[in-house]
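Colleague: Have a look; sequence and predicted model below, questions after that.
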Amino acid sequence: MGTKKYKPNTPGFRQRQVNDYEEVTSKKYEKSLVKSLRSKSGRNNQGKVTVRWRGGRSRRQYRMIDFKRSKQGVPASIISIEYDPNRTANIALVHYNDGEKAYIIAPLKSKVGDIIVSSEKAEIKPGNTLPINLIPVGSLIHNIELKAKAGAQLVRSAGCYAIIMGRQENYVTIKLPSGEVRLIHNSCLATIGQVGNTDNRNTVKGKAGASRWRGRRPKVRGSVMNACDHPHGGGEGRAPVGHASPRTPWGKPALGYKTRNRKKHSKKYILRKRN
């Protein structure tokens, strides 16, 4: 899969570079596996803005992805590779032998007709899902569970993969795309291979409107706000920050300040931080 460029007919097209979607085999989605997705524009249940610079995106349907891969020992065939507007990776529609349909994250180089299975006895090939302790050391994996039977939470974006570094008594050591090295329990599932759509990292939006389609509103510098809105704001003309270092809108240091809770329960599973 590659990218395509446009003729520079307009300033917005001059730098624009998008996916060519060569891997995508179907433009239609499975209606039984989608549900409506309402835009919240960064607001909570009280109507207050909790995430700034959100709103105004294109309408879209949410594809329900099977992150649990809980149908053990039932083979499934890939029927189509589809575009998903809710994530950077492509998705694959699979039909299980018992008649059930599901969406999964499409692994790299997966194609229509491939057979995949989730089982302890599954073959070591891309798309198959196994308990992480049964996957050989050095293998590339994605769709990794943090807790058994809770569904995959790690390594789901386009082109990402983790590497199995070693094994301990009840845990497997993996290296995540961020560089973090951590422990995952033996009972957690992982899918073999790398996530597809690797050229997504080469895309260039090219114009502000492409961000608005995705629900990203313009971001405003704190120095041009009023003093009541930001620690950098206020003053006559261009004024300096007024602090020893830049601050967030809520007064916390903005550059290099650690915000992770030191008492977080998962700290003991992290062997090497991503920084």
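Modeller: Structure's in. What do you need?

Colleague: Point to the residue nearest the middle of the protein.
Modeller: Centroid-nearest residue in the chain, with CA atoms, centre = their mean: residue 157, separated by 3.7 Å.

Colleague: Can you give me the distance of that residue to residue 89?
Modeller: Look at residue 157 and residue 89: by CB to CB, to the nearest Å, they are 6 Å apart. C-beta here means a position set from N, CA and C on the backbone, and glycine is covered the same way.

Colleague: Which neighbours do those two have in common?
Modeller: residue 195 (CB atoms under 8 Å, 6 or more residues apart in numbering).

Colleague: The longest helix anywhere in the chain: which residues count as buried?
Modeller: When the chain is parsed with DSSP state H, its longest helix is helix 208-213. Neighbour-count burial for helix 208-213 flags residue 211 (criterion: 16 or more other CB atoms under 10 Å).

Colleague: Averaged pLDDT, that helix. What do you get?
Modeller: In this model, helix 208-213 carries a mean pLDDT of 96.

Colleague: List the residues that contact residue 252.
Modeller: Contacts of residue 252 (CB under 8 Å, 6+ apart): residue 259.

Colleague: any idea how far residue 180 is from it?
Modeller: Residue 252 sits 23 Å away from residue 180, going by CB to CB.

Colleague: now residue 213, nearest residue through space, not along the chain?
Modeller: What sits nearest to residue 213 in space, not counting adjacent residues and going by CB to CB, 6 or more residues apart in numbering, is residue 58, at 5.0 Å.

Colleague: give the contact list for that neighbour.
Modeller: So residue 58 contacts 85, 213-214 (CB under 8 Å, 6+ apart).

Colleague: The residue nearest to the centre of the chain: what secondary structure?
Modeller: Following DSSP: H, G, I helix; E, B strand; the rest coil, residue 157 is assigned to coil.

Colleague: Residue 164 looks like it's in a helix, true?
Modeller: No. Applying three-state DSSP, one finds residue 164 to be strand, outside a helix.

Colleague: does it have beta-bridge partners, and which?
Modeller: Residues in a beta bridge with residue 164, per DSSP bridges, are residue 174.

Colleague: quick one: it from residue 199, how far?
Modeller: In terms of CB to CB, residue 164 sits 25 Å off from residue 199.

Colleague: Equivalent analysis for residue 105, please.
Modeller: Applying CB to CB to residue 105 and residue 199 gives a distance of 16 Å.

Colleague: What about residue 270, how many residues nearby?
Modeller: Using other CB atoms under 10 Å, the number of residues around residue 270 comes to 15.

Colleague: can you count the residues close to the closest residue to it other than its chain neighbours?
Modeller: Distance criterion CB to CB, 6+ apart; nearest residue to residue 270, sequence neighbours excluded, is residue 182 at 4.8 Å. Neighbours of residue 182 under the rule other CB under 10 Å: 22.

Colleague: Quick check, residue 182 in contact with residue 267.
Modeller: No. Contact criterion CB atoms under 8 Å: residue 182 and residue 267 do not qualify, at 10.0 Å.

Colleague: Per-residue pLDDT of the residue lying farthest from the centre of the chain, please?
Modeller: Distance from the C-alpha centroid of the chain, by CA atoms, centre = their mean, peaks at residue 236 (42.8 Å). On the pLDDT scale, residue 236 is placed at 93.

Colleague: Please say which of residue 105 and residue 199 ends up with more neighbours.
Modeller: Using other CB under 10 Å, the more surrounded residue of residue 105 and residue 199 is residue 105, with 28 against 18.

Colleague: which residues does the more buried one contact?
Modeller: With CB under 8 Å, 6+ apart, residue 105 has these contacts: 65, 87, 89-92, 142-143, 156, 191, 195-196.

Colleague: now residue 154
Modeller: Contacts of residue 154 by CB under 8 Å, 6+ apart are 143-146, 162, 176.

Colleague: List phi and psi for the residue farthest from the centre of the chain.
Modeller: Residue 236 adopts backbone torsions of phi -100, psi 130, taken as degrees, to the nearest 10.

Colleague: what separates it from residue 227, distance-wise?
Modeller: 11 Å.

Colleague: Show me whatever sits in contact with both of the two.
Modeller: Counting by CB under 8 Å, 6+ apart, nothing touches both residue 236 and residue 227.
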